[in-house]
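> pasting a predicted model and its sequence here:
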Amino acid sequence: MGIIVSMKKKIILTGGGTAGHIMPLLALLPKLTAKYEVHYIGRSEGMEKELTAGENVIYHSVDCPRLTRGKIFVNLTLPFKLISAYFKARKVIKQIKPSLILSKGGYVSLPAVLAHGKTPVILHESDTSLGLANRVAAKCATAVCSSFPLPPVGRKSVLHTGSPLRSAIYRGNKERAAEKCGFDGSKKVLLVTGGSLGAKALNDAVDENLERLTAEFDIVHIRGRGNTAQPRKGYYPIEFTADIFDLFALADLALTRGGGNSLFELGALGKPMLIVPLPKGASRGDQIENAEFFRKHGLALVLAQTELGKLCEKLSELKNRADEFSAALKGYRFDGTEELLSLIDKLACDEELLAAVSKKTAEE
């Protein structure tokens, strides 16, 4: 039997560290894998490896060091580890010979983007400002795209595409989720989520106010991996689920952190939100900026983490203004899946454009 060689063009996806850097890429996979041979460069033990398993993706492990904010001595070896990761990524890229690299950001993505050679690179940023990895990688990019409208990066304009969103978020089963959680429909359902890694401050605030909150809401609470709690009437806690679609369908309201991916999925579904952004110091301040964008445009309520003592009052306000926020959300464009897929096809399949990009890269 002869060897079967794929005639599909090859593309590389990269990004990781948190689910927010991975889920948008998963949203693109059904259509990408139908047309391309898809490879993924990520960590050997990262969440991206777990979430892409079984997705018809060829996975390549390249471990990249992470900058530890505020710890100078811990970061001293970072340049040497990054150089090692760069050469590993370059070797993988030379073997694959991709037509395109699509990066969703996060420190995980840096080796593949820096080692791109003459391969066109698309970056996508989910937040209202570029993260450190994307700021570094933007110099290598053929195109920089964003969920939020952003100013140019250097001399490169930023294409406002919206965010790639998983089509399955629109197909959740509300009845199935209600049965699983044991909710009878007599109260509004509040979804609490702190992202894939959880949010201790949100978890603690909900725990401290659980009696009062469950008197007003049925609560399904995604606590984050390793953060367990006992279920009770009107309260259904889980650690993490990649299949969040039924819970989205069940929820009437959401209490969430300010990660761009979560905000855009909930926004696309018209779910009124109370956003409690991760404070500056614990992050680069991107969640505060995201939350402020939503507040300024009348798309959500915002509560600073330092004011979590007002949580119950703010959630009551959200419930009372739910129709107002739902209407505002439905008037905003969140889903950028098709626009980004179109750009990928244009760069990966247009031979004349690829030649022009290669020539420009060589000249630079």
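Alright, I've got the coordinates.
> output the longest helix belonging to the chain.
Assignment by DSSP state H gives helix 78-96 as the longest helix of the chain.
> ranges for the strands of this structure?
Under the criterion DSSP state E, the chain contains strands at 10-14, 37-42, 58-61, 100-103, 121-125, 143-146, 158-160, 188-193, 217-222, 235-238, 253-256, 273-275, 301-302.
> now for residue 79, how many residues are close by?
Residue 79: 10 surrounding residues under other CB atoms under 10 Å. Bear in mind the C-beta positions are built from the backbone N, C-alpha and C, glycine included.
> oh sorry, the question was meant for residue 59
Residue 59, neighbours per other CB under 10 Å, totals 16.
> OK, contacts around it?
Applying CB atoms under 8 Å, 6 or more residues apart in numbering to residue 59 gives the contacts 39, 40, 42, 49, 52, 53.
> which outside residues touch stretch 271-281?
The contact list for stretch 271-281 (CB under 8 Å, 6+ apart) reads 191, 199, 201-202, 248, 251-258, 263, 266-267, 287-288, 290-291, 294-295, 299-306, 308, 314-315, 318, 321-322, 325-326, 329.
> that stretch: which residues count as buried?
Within stretch 271-281, the residues scored as buried using 16 or more other CB atoms under 10 Å are 271, 272, 273, 274, 275, 276, 277, 278.
> dump that stretch to PDB, restricted to CA.
Backbone C-alpha positions of stretch 271-281 (Å, rounded to 0.1, in the frame of the first residue of the first chain) are rendered in PDB as follows:
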ATOM      1  CA  LYS A 271     -26.800  37.700  28.500                       C
ATOM      2  CA  PRO A 272     -26.800  40.700  30.900                       C
ATOM      3  CA  MET A 273     -23.500  40.800  32.800                       C
ATOM      4  CA  LEU A 274     -22.000  42.100  36.000                       C
ATOM      5  CA  ILE A 275     -18.300  42.300  35.300                       C
ATOM      6  CA  VAL A 276     -15.800  42.100  38.100                       C
ATOM      7  CA  PRO A 277     -12.500  42.600  36.300                       C
ATOM      8  CA  LEU A 278      -9.200  41.200  37.600                       C
ATOM      9  CA  PRO A 279      -7.500  44.200  39.300                       C
ATOM     10  CA  LYS A 280      -4.300  45.700  38.100                       C
ATOM     11  CA  GLY A 281      -1.300  44.100  39.800                       C
END
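> average model confidence for that stretch?
Averaged over stretch 271-281, pLDDT sits at 91.
> ranges for the helices of the stretch 251-364 of the chain?
In the stretch 251-364 of the chain, the segments counted as helices under DSSP state H, counting those that start in this stretch are 260-268, 286-296, 311-320, 322-330, 337-349, 351-363.
> adding mean pLDDT and distance to residue 166, write those helices out as TSV.
What follows is the helices of the stretch 251-364 of the chain, written out as TSV (pLDDT from 0 to 100; distance: least, CB to CB, whole Å):
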stretch	mean pLDDT	distance to residue 166
helix 260-268	94	8
helix 286-296	95	19
helix 311-320	98	25
helix 322-330	97	18
helix 337-349	93	9
helix 351-363	50	28
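> returning to what we had before: among the contacts of stretch 271-281, which ones are buried?
Neighbour-count burial (16+ other CB under 10 Å) applied to the contacts of stretch 271-281 gives 191, 199, 201-202, 248, 251-258, 263, 266-267, 287-288, 290-291, 294, 299-303, 305, 308, 314-315, 318, 322, 325-326, 329.
> how far away is residue 332 from residue 158?
Distance, residue 332 to residue 158, using CB to CB, to the nearest Å: 18 Å.
> the two: who's more crowded?
Neighbour count, other CB under 10 Å: between residue 332 and residue 158, residue 158 has more, with 20 against 15.
> that one contacts residue 141, correct?
No. The pair residue 158 / residue 141 is not scored as a contact, 10.0 Å apart, by CB atoms under 8 Å.
> quickly list what residue 102 is bridged to.
residue 13, residue 122 (DSSP bridges).
> so how far is residue 233 from it?
Distance, residue 102 to residue 233, by CB to CB: 45 Å.
> who has more neighbours, the two?
The neighbour comparison of residue 102 against residue 233 (other CB under 10 Å) goes to residue 102, with 31 against 10.
> I figured residue 177 hits residue 250, correct?
Yes. Between residue 177 and residue 250 there is a contact under CB under 8 Å: 3.9 Å.
> wait, residue 137 touches residue 115, no?
No. Here residue 137 does not reach residue 115: they are 10.9 Å apart, not a contact under CB under 8 Å.
> what sits against the closest residue in space to residue 88 that isn't next to it in sequence?
The shortest distance from residue 88 to any residue other than its chain neighbours is 4.8 Å, reached at residue 62 (CB to CB, 6 or more residues apart in numbering). For residue 62, the contact set (CB under 8 Å, 6+ apart) comprises 41, 42, 43, 85, 88, 89, 92, 111, 112.
> got it, and residue 291?
Contact analysis of residue 291 by CB under 8 Å, 6+ apart lists 258, 275, 277, 300, 302.
> returning to what we had before: nearest to residue 219 among the buried residues of stretch 271-281?
When the buried residues of stretch 271-281 are compared for distance to residue 219 (CB to CB), residue 274 wins out at 12.8 Å.
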